[in-house]
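Student: got a predicted structure here, sequence first:
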Amino acid sequence: MKAKAPSSWNAERIDMRAFAQAGGHLSAQEPVEAFARLAAERHPDGTSAGPLQWAAQAEMRPGLPGAEPTPWLHLQAEVTLDLTCQRCLGPAPVRLLVDRWFRFVADEATAEREDEDSEEDVLALEPRPSLRALVEDECLMELPLVPMHEVCPTPVSLSAGEVPDAAPERENPFARLQRLRQGD
């Protein structure tokens, strides 16, 4: 039996079982600034941050034989952020894509126990999850470890082994020691 869908679901604290029983769907297009931790990752001069688009579709799937059906959530998100290129330190547009399934269980202890042995991500029904926080968490996990341009738009001033023009040539201390020893 399908639950009656409320006129609107609260993405900040959703009853995932009722959402899945109703075959609920939520989607939004929000500014990156609405996600403080994700916005903090942007390059200070970045301009290419588009809106973060996300969609969540819930469903009930049969559980193990003799068990109740289980709530599942399919989460998709997409955003392009200007991150700091680790070569030139300029803004580098990076597209983040999230496409994940989550299985929900009764509580945190069960989620923790089952998550390690499961291919899918396992989350707890209680406390009620925030879809927006889940979207932000998943986008943060998609950030590259070392964001870089394919080809930097400005030449990089130094590369490995180069010495800046202003730095004076330093004498090898061992060569100097050798000359001192030979002078004795």
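Tutor: Done, it's in. Numbering: from 1, shown residues only.
Student: now stretch 13-28: buried residues?
Tutor: Buried residues in stretch 13-28, counted by 16 or more other C-beta atoms under 10 Å: 14-22, 24, 26, 28. The C-beta positions use only the backbone N, C-alpha and C, and glycine is treated the same way.
Student: export those residues to TSV and tack on distance to residue 177?
Tutor: Shown next, in TSV, are the buried residues of stretch 13-28 (distance: C-beta to C-beta, whole Å):
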residue	distance to residue 177
14	71
15	76
16	71
17	76
18	79
19	75
20	75
21	80
22	81
24	76
26	72
28	69
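Student: mind listing which of those residues are in helices?
Tutor: Judged by DSSP state H, helices contain the following of these: 16-21.
Student: any stretches of the protein with poor pLDDT?
Tutor: Counting by pLDDT under 70, the ranges of the chain that qualify are 1-7, 48-49, 157-169, 184.
Student: break down the protein into its helices, ranges please.
Tutor: Using DSSP H, the helices of the chain run over 16-21, 36-39, 108-115, 131-141, 173-183.
Student: just checking, what packs against the fourth one?
Tutor: The criterion is 3 or more C-beta pairs under 8 Å, 6 or more residues apart in numbering; DSSP states H and E, and the helices and strands that helix 131-141 contacts are helix 36-39, strand 52-61, strand 70-84, strand 91-105.
Student: for residue 134, find the nearest of those.
Tutor: For the helices and strands packed on helix 131-141, the distance to residue 134 is smallest for strand 70-84, at 6.5 Å, taking C-beta to C-beta.
Student: circling back: redo the helices and strands packed on helix 131-141 as CSV? Include mean neighbour count and distance to residue 115.
Tutor: Formatted as CSV, the helices and strands packed on helix 131-141 follow (neighbours: other C-beta atoms under 10 Å; distance: least, C-beta to C-beta, whole Å):
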stretch, mean neighbour count, distance to residue 115
helix 36-39, 14, 22
strand 52-61, 19, 17
strand 70-84, 20, 14
strand 91-105, 18, 9
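Student: which residue is nearest the middle of the chain?
Tutor: With distances taken as C-alpha atoms, centre = their mean, the residue of the chain nearest its centroid is residue 140 (1.9 Å).
Student: was I right to think residue 156 contacts residue 86?
Tutor: No: counting by C-beta atoms under 8 Å, residue 156 does not reach residue 86; the two are 10.5 Å apart.
Student: give me the nearest residue to residue 12, chain neighbours excluded.
Tutor: residue 130 (5.0 Å; C-beta to C-beta, 6 or more residues apart in numbering).
Student: got the contact list for the one you found?
Tutor: Counting by C-beta atoms under 8 Å, 6 or more residues apart in numbering, residue 130 makes contact with 11-14.
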